[in-house]
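Q: What follows is a predicted structure for the sequence shown.
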Amino acid sequence: MFIDRDGVICRNRHDHVKSWDEFVFLPGARLALARLAESELAVVIITNQAAINRGLVSVDIVEDIHRRMVQAIQAAGGRVDGVFYCPHRPDEQCTCRKPQPGMLLQAARELDVDLKGSYLIGDAWSDMLAGQAVGCRCYMVLTGRGRRQFLSCLRKGLVLNQGQGNNGFHLARNLQDAVRMILADIM
């Protein structure tokens, strides 16, 4: 299970999350992650963090935010098996920044995750493209950038998937809704 951070787990900020004080969990996110922890799915957070290479925040601060986020999720009964982030700006053309699948491929190698049997939850077309590139079942949430990005997905030719399979994406109101649908799918 791959989950985007900003806009899915925490509030998306136009000026980036630059400190723990700016990190605000979305309503129900910790509860959803606690429900997900009851499954056998690996829980992996993947996030573009271009604020690092833009000089807005240091690697140490981003890693501190992630450490505290994981602690808060664990305190609520959840689990995080890995956090992967890309520090690159879009113009750097790296292979890890979503929509490229590099972070998913790295996580799969390091955590022995079956990509074809995995799910991805995100709030942007770039999340959907990264997940589809490796065969994940993708879920777009309408939190964060999701409402705006949903239309962008349709314009870019990504299809809303009403059935099962790895093509297209499913739509969910929020992380809780996506987790509910995924757990129903695997149970």
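A: Sure, I can see it. Residues are numbered from 1 along each chain as shown.

Q: Let me know the outermost residue of the protein.
A: G55 (22.9 Å; CA atoms, centre = their mean).

Q: per-residue confidence for that residue?
A: On the pLDDT scale, G55 is placed at 96.

Q: Which element is encountered next along the chain beyond the lowest-mean-pLDDT helix or strand in the chain?
A: Ranking every helix and strand in the chain by mean pLDDT, DSSP states H and E puts helix 146-155 at the bottom, with a mean of 83. Later in the chain than helix 146-155, the nearest helix or strand by DSSP states H and E is strand 169-172.

Q: residues of the following helix or strand past that following strand that come out buried?
A: Later in the chain than strand 169-172, the nearest helix or strand by DSSP H and E is helix 175-186. By 16 or more other CB atoms under 10 Å, the buried positions in helix 175-186 come out as L175, Q176, D177, A178, V179, R180, M181, I182. C-beta here means a position set from N, CA and C on the backbone, and glycine is covered the same way.

Q: and if you look at stretch 113-132?
A: For stretch 113-132, burial by neighbour count (16+ other CB under 10 Å) applies to 113, 115, 118-132.

Q: Tell me which of those residues fall in helices.
A: Judged by DSSP state H, the buried residues of stretch 113-132 include W125, S126, D127, M128, L129, A130, G131, Q132 as members of helices.

Q: Including pLDDT, could the buried residues of helix 175-186 go into a markdown table?
A: Shown next, in a markdown table, are the buried residues of helix 175-186 (pLDDT from 0 to 100):
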| residue | pLDDT |
| --- | --- |
| L175 | 98 |
| Q176 | 98 |
| D177 | 97 |
| A178 | 97 |
| V179 | 98 |
| R180 | 97 |
| M181 | 95 |
| I182 | 96 |
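
Q: Quick one: distance of stretch 41-59 to the chain centre.
A: Chain-centre distance of stretch 41-59: 11 Å, with CA atoms, centre = their mean, to the nearest Å.

Q: Let me fix that, I meant to ask about stretch 28-38.
A: The answer for stretch 28-38 is 14 Å, by CA atoms, centre = their mean.

Q: which residue ranges form the strands in the chain?
A: 2-4, 44-48, 82-86, 119-122, 137-141, 169-172 (DSSP state E).

Q: Can you say which of those strands is nearest to V17?
A: Nearest to V17 among the strands of the chain is strand 44-48 (9.5 Å), distances taken as CB to CB.

Q: Alright, I will stop here.
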